[in-house]
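[1] coordinates for the following, if possible.
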Amino acid sequence: MNRKIRCAATLAAVLLAACSSTGSSGGGSAAAPQGPDLPADAPGAPARLQSSPRHGEWAVIRTSATDSIKAWVVYPERRTRAPVVLVVHEIYGLTNWVRGVADQLARDGFIAIAPDLMTMNNLPMDANGDPVQAQATSTIRTLDAAKYQQQLIAIAQWGMKLPAATQKYGIVGYCWGGSASFAHAVASPDLDAAVVYYGTSPASASLGTIRAPVLGLYGGNDARVNATILPADSAMKRFGKSYEHHEFEAAGHGFLRQQDGAAGANMRATEQAWPMTIAFFRKHLE
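    Below you'll find the model as predicted:
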């Protein structure tokens, strides 16, 4: 286990390079039009959160003898126990948009846990309740990959012990978090499914330890990130692992939070990618 987590530490520079120029976190001045079956974009997330009928709450999760992580936990409205899905934030930290994605996952039947991996850094917040971008993007560069992978494992174990949870968990992440999610498949032998939104792939040599199936969802106009897809695909096939990936034509990096971008291509990507995400999790977690 420790050896696998240490392997994740070598990925930190790659994760940052892939996500350091994602553009404004706002994604536009007005919310993109969408139905309730899709997560809100960045401008639309606060209103969607405010009107959500689902129970969401803050939790402080002990991840080691000296560390704790704050997380936003949202519960689905269902009669049976639910699988757990970790939602890993972008370089901007745990924003309202990420909490909105967690709420959408709960709407689709999962216990969603969105951890703030910069909890211990006490980031200042802006007027919207999001971490101040400059501090978030600089602070995330100081995180140790081996440490936050261990934290994610501890958070998943905490989640699966909830009375309403089953003993299966998945992970999904975006940009920096997408890279961290793919790396989590390397680090955690207990993971049941990983979804990677426009995140770079781990080093090919490390992929042999993966047990969980991986789904990769990428914007077609994202050459820097997409250059890592084929090496990962070749390595996963060589190791006999499951890696399904899709590139959405003309969509840009960060299309799920910036749904009004790329002359409609980001919305078309969102309309395809989100149902794939839910179907993938239902197949491997339910």
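
[2] give me every residue that touches residue 142.
    With contact taken as Cβ atoms under 8 Å, 6 or more residues apart in numbering, residue 142 is in contact with residue 121. Every C-beta, even on glycine, is put in place using the N, C-alpha and C of the backbone.

[3] and it, how close does it get to residue 240?
    36 Å (Cβ to Cβ, to the nearest Å).

[4] tell me the secondary structure for residue 114?
    strand (DSSP: H, G, I helix; E, B strand; the rest coil).

[5] who does it bridge with?
    Listed beta-bridge partners, residue 114: residue 72 (assigned using DSSP bridges).

[6] shift numbering so it begins at 21
    Okay, using 21 as the starting number, the last item reads as residue 134.

[7] that one contacts residue 118, doesn't it?
    Yes - using Cβ atoms under 8 Å, residue 134 is in contact with residue 118, at 5.3 Å.

[8] which neighbours do these two have in common?
    By Cβ under 8 Å, 6+ apart, the residues touching both residue 134 and residue 118 are 92, 107, 109.

[9] export those residues as a markdown table, with columns for distance to residue 256 and pLDDT.
    Listed next are the shared contacts of residue 134 and residue 118 as a markdown table, based on distance: Cβ to Cβ, whole Å; pLDDT from 0 to 100:
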| residue | distance to residue 256 | pLDDT |
| --- | --- | --- |
| 92 | 31 | 98 |
| 107 | 23 | 99 |
| 109 | 25 | 98 |
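
[10] run a quick neighbour tally on the closest residue to residue 262 other than its chain neighbours.
    Sequence neighbours aside, residue 233 is the residue nearest to residue 262 in space, at 3.8 Å (criterion: Cβ to Cβ, 6 or more residues apart in numbering). Applying other Cβ atoms under 10 Å, we find 20 residues neighbouring residue 233.

[11] what does the one 10 residues further on give?
    For residue 243, the number of neighbouring residues by other Cβ under 10 Å comes to 9.

[12] got the phi and psi for it?
    Here is the backbone geometry of residue 243 (degrees, to the nearest 10): phi -60, psi -40.

[13] any idea how far it lies from residue 126?
    34 Å.

[14] before we move on, what about residue 194?
    Counting by Cβ to Cβ, the gap from residue 194 to residue 126 is 17 Å.

[15] just checking: what are the partner strands of the helix or strand hosting residue 187?
    Taking DSSP states H and E as the definition, one finds residue 187 inside strand 185-194. Partner strands and pairing direction for strand 185-194 (DSSP bridges) are strand 102-108 (parallel), strand 213-217 (parallel).

[16] chain center to the last one: distance?
    I take that to be strand 213-217. Computed by Cα atoms, centre = their mean, to the nearest Å, the chain-centroid distance of strand 213-217 equals 7 Å.

[17] list the buried ones in that strand?
    Neighbour counts over strand 213-217 (16 or more other Cβ atoms under 10 Å) mark 213, 214, 215, 216, 217 as buried.

[18] one more: stretch 201-212?
    By 16+ other Cβ under 10 Å, the buried positions in stretch 201-212 come out as 201, 202, 203, 204, 205, 206, 207, 208, 211, 212.

[19] what about the nearest residue to residue 128 once chain neighbours are set aside, distance to residue 165?
    The shortest distance from residue 128 to any non-neighbouring residue, by Cβ to Cβ, 6+ apart, is to residue 298 (4.9 Å). Here residue 298 is placed at a distance of 28 Å from residue 165 (Cβ to Cβ).

[20] quick one, which of those two is more surrounded?
    Using other Cβ under 10 Å, the more surrounded residue of residue 298 and residue 165 is residue 165, with 22 against 17.

[21] what's the closest of the shared contacts of residue 134 and residue 118 to residue 151?
    residue 109 (9.1 Å; Cβ to Cβ).
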